[in-house]
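K.L.:
Dropping the sequence and predicted coords here.
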Amino acid sequence: MSASPSHFQQKMQNPLKSLGIRKKIGDFLNNTKFLNRSLSWYVTGWRVGVFWGLIALFLPQLLNFSTNFLDQTYFAPNILLLDAILCGIYVMLALGLNIVVGYAGLLDLGYVAFFVIGSYTVAFATSGIIRNIHSQVVNIPALTFWEAIPLAALIAGFMGVLLGAPTLRLRGDYLAIVTLGFGEIVPIVIKDVPFFYGALGFQVPPAPVVNTPFGQVDFGNPLDFSAFYYLTLAVIILIVMFNILLRNSSIGRAWIAIREDELAASASGVNLVRIKLMAFGLGAAIGGIGGVFNGVMTSSISYDQFSFQVSISVLIMIVLGGIGSIPGVIVGAILLRFIDVYVISTISNMLQTNTALANPSNPFHFLVSFNLNTTKFLIFGLVLLLMIILRPQGIIPNKRRQLELKGVGLAPEELSVIGEIEREEEGSSAPPESVEGLGDI
Amino acid sequence: MFVLASTTSGIFIQTMVNGITLGAVYALVALGYTIVYGIVELINFAHGDVFMWSTAITLVVLNSMHVSTAVYGFALIGLLLLMIVIGAVVSGTLNVAIERLAYRPLRKAPRLAPLIAAIGVSFILENIAELWLGASGISYPDFFPNGGIVLGDVTIQYIDLVVVVLTVVLMYGLNVLVKSTKMGKAMRATAQDPEAAALMGVDINQTISFAFLVGGVLAGVAGVFYSLVIPVYAYNVGFELGLIAFTAAVLGGIGNITGAMAGGFLIGIIKALATNYLPNGSDLSDAVVFAILVLVLALRPSGLLGQQVPDKV
Amino acid sequence: MVGKLKALKSMLELQNINTFYGPSHVLQDMTIKVNQGEIVCLLGANAAGKTTTMKTIFGLVKPKEGKVIFKGERLDTLKTDQIIKKGIILSPEGRRVFSRMTVRENLEMGAFMFSSTTQIAEDIDKVYALFPRLKERDKQISGTMSGGEQQMLAIGRALMARPQLLCLDEPSLGLSPILVQTVFDTIRKIRQDGVTIFLVEQNAFMALNNADRGYVLQSGKIILEDTAQNLLKNDTVRAAYLGG
């Protein structure tokens, strides 16, 4: 009798115990070969790269071939290809946001805004229809789908610069909350400002038919998405190449410099605001391109498709895969999409159709009504939180970022010196510490 | 929260009254942002959801007590105090737990990590609430009687008066707490220089927990006030309200307690005016608040009251 | 005679301390002893590990190996706020006064662990007697004071904790020669009141002239340990710290 409450008290009074467990889980995730060697070996080694590359390249054919032995009601190749394309759009977004979060170390919580801008740009540009301030239809010269892609990138990038310019001078926290607000405001503006067709939604013309020396290619054929799939794949490859070029360029090195030591970077001649703005703008532009593909693919867009959940999902993809790591964010995007589209609905279906559970006397009967889709974002939020606490470097870490996130990029003595100088410097540029704070009421 | 007046000036004054009442709620929530930022330099993205959980729990308690109509006299005072205590306990405990579980392990990590953790926590809190009470709005048992002081065609509801008066009392209490008590001194010292504060014998972890407790308690009280003024519960109310209250904190100069109070009332008035006088005002007033946030950050990042004092000489 | 007897009693001991910052080995097998009633100084160039030594003593950095012992009790297992309750206090490098608080509030913070208001008021008067300059500035916001005044405040704030051992990290940094003299005069006065002093300094000449014993720290290692008089005559010390 007396032993158990004291044991309980001991447990309550000794928070170190729970800390110990957390540390053990963290150590397990950090040290286990399964994650550090095997998994990254599985997904990044060159043989593996070739393997997955070939699968991506022949996905339409593989899916068609699968109809020989799989039930088409469950494995309709064209629907699966559509899923693959939507997944590819998320890969684009993750690669774009990775420039902002992973390379430049800035937190953008409203990335969906640029996705919206891209989607609406392609809608207006290719349909040639806008509305004026009195909600009357106005025809403008229509652009082709191909012209809309760079236009969307340009507009989204410009909006990114416009938003970033006033806020990038400040600390990262402010950028996070401003982007968060921006992501919320853009859909509201679209809904309430008549120009954008508001709550009605907007029909986006399908992707065009192109005559090539090998015959006609229909990118917009809803019965066969292969052509559009290859187009998506090609754009992803271009974005990956662009990311690699950026990373290895002098800009990429400047990003590493500002991430690791903002003060030293500016002392060595890096223009902080310009270099951050560049990351923000380029990331936004890629988000815009993703928006173009989304607009064409979903064909009917409206403001309510673009929620905060999209921004967070893309952020989770990056954190899950590995902040700053190109293979990491690609795998993170695919993994999260896969869980989202297949795993969660499959488990829900299994629960709802399980005959044993259907029996009301089964103690787990309540699971029948358990719709996993509603818990989806709860699970995603937990994934985000647990990853950032237990394995901040992600599934496939970027080597350099891994050191930084574990806090060994710089020695604490050096860091604290920098911190002190930063604190002094911020007196002139940023509000937080320099304002009369709790001390003066 | 209805504009009942008929004359132009009456509508204006009524709008101002409504703005001040909501401003009190914003100010209470803004104080939580400012106190926590002042001490750990973290935007607690989950703070709006901590506020929301006060509305959710008090809603459930009221429903379980079968309160559905207005109550009067001592019953009203008792019920109001009970709800305030419950809201304060719920949000205070929640905020302390969040700091302990999600932020403290990341205190020495790069800045990006605790920010991402905060977003994760916000997301989790919101989705648990959605899972529990559903996604659609639920009407909050409005136990506070209608009616108020009629001045011409302007009516100052009793609830408006109660909210504003109690908010002012709370703010006074907070002032005394921060200025004169030992814990308040520990908070101020920690905010200025945590390491030096530790060298004075201040328990930094305890002080940070206390700051989260104070912020949470204020948000919890704000949750009850808000629900009595706008008697609809929604699982995502904290997201928008958090953004507005944060803007209020920035407007007053983040880290500055007086600033957060002033900023809250100011934003409340601005938002009420925008809601009433702009087309599609109820939606676009959020855009107005956001525009204020960006403008303040761009033009005067130290906020309206955030006077610059040299930190090191 | 009494002083000599007391001097045998060990107050603070650092035993084989090894402290790391990530991969870098900042303090290497450091052993230091401070006896009751002494003024002991630790000399070293920039980044030799002087401040890290102080941070290790006060639990702001945890040593990987070794022990910190104060009056027979281990400090390295305690948190900072528990350590200072044992009667050991640090006036940190760079003064670190609470710049948005008044002088009096700063001194009150120094007595944070005590609750008796009469005791605190008495102690403030004692500090003001030691530093008359601070008394004039009682209500002034400390961030607006000069560096020398802030240094006095930092030392006074440390004394408010009624320490048996006062650690001072670079008390002369950034002060004019006259002020440096004043600070060291004060340090000697404080010792006369029975407070042991452990001092970290870059200004080797002033430190050795006022201390009983000294240690010389180079790249994280103690390379010399002797009486202050002998160190003043030592060739290595002369070459490295006293400008020939």
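P.N.:
Arrived safely. Numbering: from 1, shown residues only, chains lettered A, B, ... in the order given.
K.L.:
would you say C:Phe20 is within a strand?
P.N.:
Yes. Counting by DSSP: H, G, I helix; E, B strand; the rest coil, C:Phe20 is part of a strand.
K.L.:
Burial check on it, number of neighbours?
P.N.:
18 (other Cβ atoms under 10 Å in any protein chain shown). No exception for glycine: its C-beta is placed from N, CA and C like everyone else's.
K.L.:
isn't it right up against C:Val26?
P.N.:
Yes. Here C:Phe20 reaches C:Val26: they are 6.5 Å apart, a contact under Cβ atoms under 8 Å.
K.L.:
dump the residue contacts of A:Arg337.
P.N.:
Taking Cβ atoms under 8 Å, 6 or more residues apart in numbering or on different chains, we find A:Arg337 in contact with A:Asp83, A:Leu86, A:Cys87, A:Tyr90.
K.L.:
got the contact list for the second one?
P.N.:
By Cβ under 8 Å, 6+ apart, the contact set of A:Leu86 is A:Asn294, A:Met297, A:Arg337.
K.L.:
what comes into contact with stretch B:229-241?
P.N.:
So stretch B:229-241 is in contact with A:184, A:308, B:1, B:21-22, B:25-26, B:29, B:47-53, B:55-56, B:59, B:122, B:125-126, B:129-130, B:133-135, B:137-142, B:159-160, B:163, B:226-227, B:286, going by Cβ under 8 Å, 6+ apart.
K.L.:
Just the pLDDT at the residue nearest to A:Trp146 when sequence neighbours are not counted, thanks.
P.N.:
The shortest distance from A:Trp146 to any non-neighbouring residue, by Cβ to Cβ, 6 or more residues apart in numbering or on different chains, is to A:Pro208 (7.8 Å). What the model reports for A:Pro208 is a pLDDT of 85.
K.L.:
Report whether the expected contact of A:Pro208 with A:Asn221 is present.
P.N.:
No. If you go by Cβ under 8 Å, A:Pro208 and A:Asn221 don't touch, sitting 10.9 Å apart.
K.L.:
Near the residue nearest to C:Glu201 when sequence neighbours are not counted, how many other residues are there?
P.N.:
Closest residue to C:Glu201 apart from its sequence neighbours, by Cβ to Cβ, 6+ apart: C:Ala207 at 3.8 Å. The tally of other residues near C:Ala207 (other Cβ under 10 Å) stands at 26.
K.L.:
ok but C:Ala207 is inside a helix, no?
P.N.:
Yes. Judged by three-state DSSP, C:Ala207 forms part of a helix.
K.L.:
how much space between it and C:Phe131?
P.N.:
Plainly put, C:Ala207 is 21 Å away from C:Phe131 if you go by Cβ to Cβ, to the nearest Å.
K.L.:
helix/strand/coil for the closest residue to A:Asn354 other than its chain neighbours?
P.N.:
With sequence-adjacent residues excluded and distances taken as Cβ to Cβ, 6+ apart, A:Asn354 is closest to A:Val368, at 7.5 Å. For A:Val368, the assignment made with three-state DSSP gives helix.
K.L.:
For the contacts of A:Arg337, which two are the farthest from each other?
P.N.:
For the contacts of A:Arg337, the farthest-apart pair by Cβ to Cβ is A:Asp83 and A:Tyr90; their separation is 10.7 Å.
K.L.:
quick one: which of those two has more around it?
P.N.:
Higher neighbour count among A:Asp83 and A:Tyr90: A:Tyr90, with 23 against 14, using other Cβ under 10 Å.
K.L.:
Distance of that one relative to C:Thr52?
P.N.:
A:Tyr90 is 47 Å from C:Thr52, by Cβ to Cβ.
K.L.:
before we move on, back to that, pick out whichever of the contacts of A:Arg337 sits closest to chain C.
P.N.:
A:Tyr90 (35.8 Å; Cβ to the nearest Cβ).
K.L.:
quick check, stretch C:68-75 touching chain B?
P.N.:
No. Applying Cβ under 8 Å from any Cβ of the partner chain, one finds stretch C:68-75 separated from chain B by no less than 13.3 Å.
K.L.:
Buried residues of that stretch, list them for me.
P.N.:
Of all the residues in stretch C:68-75, those buried under the rule 16 or more other Cβ atoms under 10 Å in any protein chain shown are C:Val68, C:Ile69, C:Phe70, C:Lys71, C:Leu75.
K.L.:
Among the contacts of A:Arg337, which ones are in helices?
P.N.:
Assignment to helices by DSSP state H places the following of the contacts of A:Arg337 there: A:Asp83, A:Leu86, A:Cys87, A:Tyr90.
K.L.:
The last one and A:Leu315 touch, don't they?
P.N.:
What that stands for is A:Tyr90. No. A:Tyr90 lies out of contact with A:Leu315 (Cβ under 8 Å); the separation is 11.7 Å.
K.L.:
on contacts alone, who are the packing partners of the lengthiest helix in chain C?
P.N.:
Longest helix in chain C, counting residues (DSSP H): helix C:177-192. With contacts taken as 3 or more Cβ pairs under 8 Å, 6 or more residues apart in numbering or on different chains; DSSP states H and E, helix C:177-192 sits against strand C:39-44, helix C:117-130, helix C:147-159, strand C:196-201, helix C:204-210.
K.L.:
now these in a markdown table, with mean pLDDT and distance to A:Ser266?
P.N.:
Output for the helices and strands packed on helix C:177-192, formatted as a markdown table (pLDDT from 0 to 100; distance: least, Cβ to Cβ, whole Å):
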| stretch | mean pLDDT | distance to A:Ser266 |
| --- | --- | --- |
| strand C:39-44 | 94 | 30 |
| helix C:117-130 | 95 | 41 |
| helix C:147-159 | 94 | 27 |
| strand C:196-201 | 94 | 31 |
| helix C:204-210 | 92 | 35 |
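K.L.:
Using TSV, please lay out these together with distance to A:Ile55.
P.N.:
Below are the helices and strands packed on helix C:177-192 laid out as TSV (distance: least, Cβ to Cβ, whole Å):
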stretch	distance to A:Ile55
strand C:39-44	61
helix C:117-130	74
helix C:147-159	66
strand C:196-201	63
helix C:204-210	69
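K.L.:
Looking at those, spot the one closest to B:Arg300.
P.N.:
The nearest among the helices and strands packed on helix C:177-192, by Cβ to Cβ, is helix C:147-159 at 29.3 Å.
K.L.:
what packs against the next helix or strand after the closest one?
P.N.:
Next helix or strand after helix C:147-159 toward the C-terminus (DSSP states H and E): strand C:165-169. Judged by 3+ Cβ pairs under 8 Å, 6+ apart, the packing partners of strand C:165-169 are helix C:50-57, strand C:88-91, helix C:147-159, strand C:196-201.
K.L.:
So for strand C:165-169, mean pLDDT?
P.N.:
Here the average pLDDT along strand C:165-169 is 96.
K.L.:
send the alpha carbons of it over as CSV?
P.N.:
Provided in CSV are the C-alpha atoms of strand C:165-169 (Å, rounded to 0.1, in the frame of the first residue of the first chain):
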residue,chain,number,x,y,z
LEU,C,165,34.7,33.1,-2.0
LEU,C,166,34.4,35.8,-4.5
CYS,C,167,35.4,35.0,-8.1
LEU,C,168,36.2,37.8,-10.4
ASP,C,169,36.4,37.4,-14.2
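K.L.:
What is the burial count for the closest residue to chain A within chain C?
P.N.:
Nearest residue of chain C to chain A: C:Arg100, at 3.4 Å (Cβ to the nearest Cβ). Burial of C:Arg100 is recorded as 25 neighbouring residues (other Cβ under 10 Å).
K.L.:
How is it assigned, secondary-structure-wise?
P.N.:
Criterion first, three-state DSSP; result for C:Arg100: coil.
K.L.:
ok, now how distant is A:Val319 from chain C?
P.N.:
Per Cβ to the nearest Cβ, to the nearest Å, A:Val319 is found 23 Å from chain C.
K.L.:
That should have said A:Ala333, apologies.
P.N.:
32 Å.
K.L.:
so of the helices and strands packed on strand C:165-169, which one's packed in deepest?
P.N.:
Neighbour counts (mean count of other Cβ atoms under 10 Å in any protein chain shown) averaged over each of those peak at strand C:88-91, with a mean of 26.
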